[in-house]
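Engineer: Dropping the sequence and predicted coords here.
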Amino acid sequence: MAKNKIKPQQNPSAVSERRKIKIAIVGVGNCASSLVQGLTYYKNVADNHKIVGLMHTVLGGYRISDIEVVAAFDVDKNKVGKELADAIYAKPNNTYRFADVPKTGVKVNRGMTHDSIGEYLKEIVIKAPGETANIVKILKDTKTDVVISYLPVGSEEATKWYVEQVLEAGCAFINCIPVFIARESYWQKRFLAKNLPIIGDDIKSQVGATILHRTLVNLFLDRGMPIDRTYQLNVGGNTDFRNMLERTRLKSKKISKTQSVTSQFKLRELDIAGEDVHIGPSDFVPWMKDNKVAFIRIESRHFGDVPMNVEVRLSVEDSPNSAGVVIDAIRCCKLALDHSVAGPILPASAYFMKSPPVQFTDAEAKKNLEEWIQKYS
């Protein structure tokens, strides 16, 4: 197992004087495991240390060590009732283990199931006995600032149910899955009415298939080359890919990933026919575990309408690839709470998410986010 390579460099007294960002996690799967491991791995990093895998060492005055998990929810009998530090390594989790997480003092509570266990997840996820915990009471009692949703793809009803609990408890919300909340006017109004921020929908990885595909699309368009056809095919062996074997649960994911790429055409007032774009997961390969392999192809023409194409193969550990993005999203939510900025946080959503309320190019999104952070720091 890899050991923590970050050596303590902070002033402990300075850390103790800072306010914590208290977070709750819905769905203790691979992504939650990577996030919790990361909070341990990077907790002692110095402010001037450039961190591998994070875009901001300090964001708005908040360090990684300021983030504290105070509650967690799941429905799997392998995780419910367990200490969070143990639950993040429990089966069917199979992501890379890069940190030994000490006891957190947080027990995984029994969450609400609704539609979060699909046909293929039933083969490996057995519901824990007992009633759903009082989510609102737990969030209030723990004084949770930000709730992060890592529910399985296709959990439409479960997501909406949890959003209602978050609103009642008075927490910010980060929607990491492709169930459309932050971009929908109904939910935007609900968060505005409660004076609460939301960042969503569908988390991007730092360098994943979607961001790479978008970058290649913009490269072609910037160089005056049309895109005639393109595809992105993804395979992997985690529970997300197993779950998406159920094609009806894949619908929102396919929409999210496709629109994230095609939005770059629309921003330039260009278009591409729907039949010329294919983006989405293609299969589940159990032995790949949390590794994801993406195949991207772009067909184009250069000077004289001479045809050309490019093919790219990306291999990446899926869950750690998004954890650093979530850490930045958490700190942006806390900045919004500190300054009573409510509703969808547009700059953060555009940079961190595949399906934000408003799309920008990635360069524009980064610029807007840095300006927003500076404004509220």
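Structural biologist: Looks like it came in fine.
Engineer: give the contact list for Asn234.
Structural biologist: Applying CB atoms under 8 Å, 6 or more residues apart in numbering, one finds that Asn234 lies in contact with 209, 241, 280-282, 292-295. Using the backbone N, CA and C atoms, a C-beta is placed for each residue, glycine as well.
Engineer: Can I get the helix or strand where it lies in CSV, CA atoms only?
Structural biologist: Secondary structure assigned from DSSP states H and E places Asn234 in strand 227-236. Provided in CSV are the C-alpha atoms of strand 227-236 (Å, rounded to 0.1, in the frame of the first residue of the first chain):
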residue,chain,number,x,y,z
ILE,A,227,-15.4,18.2,-36.2
ASP,A,228,-17.4,15.8,-38.5
ARG,A,229,-17.8,12.9,-36.1
THR,A,230,-16.6,12.0,-32.6
TYR,A,231,-17.1,9.4,-29.9
GLN,A,232,-16.0,8.6,-26.4
LEU,A,233,-16.3,5.1,-25.1
ASN,A,234,-15.6,4.2,-21.5
VAL,A,235,-15.1,0.9,-19.7
GLY,A,236,-14.3,0.2,-16.1
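Engineer: So which elements touch the next helix or strand after that strand?
Structural biologist: Per DSSP H and E, the first helix or strand lying C-terminal to strand 227-236 is helix 239-243. Under the contact definition 3 or more CB pairs under 8 Å, 6 or more residues apart in numbering; DSSP states H and E, helix 239-243 sits against strand 277-284.
Engineer: Can you give me the end-to-end span of stretch 143-157?
Structural biologist: 25 Å (CA to CA, to the nearest Å).
Engineer: Nearest the geometric middle of this protein, what residue?
Structural biologist: Centroid-nearest residue in the chain, with CA atoms, centre = their mean: Ile203, separated by 3.3 Å.
Engineer: What separation do you get for the closest residue to that one other than its chain neighbours and Asn109?
Structural biologist: Once flanking residues are discounted, Ile203 sits nearest to Cys176: 4.1 Å by CB to CB, 6 or more residues apart in numbering. Cys176 is 19 Å from Asn109, where distance means CB to CB, to the nearest Å.
Engineer: Those two: which is more packed in?
Structural biologist: For the pair Cys176 and Asn109, the greater number of neighbours falls to Cys176 (26 against 20), based on other CB atoms under 10 Å.
Engineer: confidence score at that one?
Structural biologist: At Cys176, the model reports a pLDDT of 98.
Engineer: quick one, helices of the stretch 151-300 of the chain?
Structural biologist: 156-169, 185-193, 209-222, 239-243, 247-266 (DSSP state H, counting those that start in this stretch).
Engineer: can you tell which of those is closest to His302?
Structural biologist: Nearest to His302 among these is helix 209-222 (9.6 Å), distances taken as CB to CB.
Engineer: who does that closest one touch, helix- and strand-wise?
Structural biologist: By 3+ CB pairs under 8 Å, 6+ apart, helix 209-222 packs against strand 227-236, helix 247-266, strand 291-302, strand 306-317, helix 362-376.
Engineer: among these, which is nearest Val125?
Structural biologist: The closest of the helices and strands packed on helix 209-222 to Val125 is helix 247-266. By CB to CB, the value is 13.8 Å.
Engineer: and the closest one, which residues are buried?
Structural biologist: For helix 247-266, a neighbour-count test (16 or more other CB atoms under 10 Å) marks 249-250, 252-265 as buried.
Engineer: got the contact list for the closest residue to Ala90 other than its chain neighbours?
Structural biologist: Leaving out its chain neighbours, the residue that sits closest to Ala90 by CB to CB, 6+ apart is Asn78, at 4.4 Å. Applying CB under 8 Å, 6+ apart, we find Asn78 in contact with 87, 90-92, 126.
Engineer: do the same with Leu121
Structural biologist: 152, 239, 242-243.
Engineer: let's go with 6 Å and repeat that
Structural biologist: Asn243 (CB atoms under 6 Å, 6 or more residues apart in numbering).
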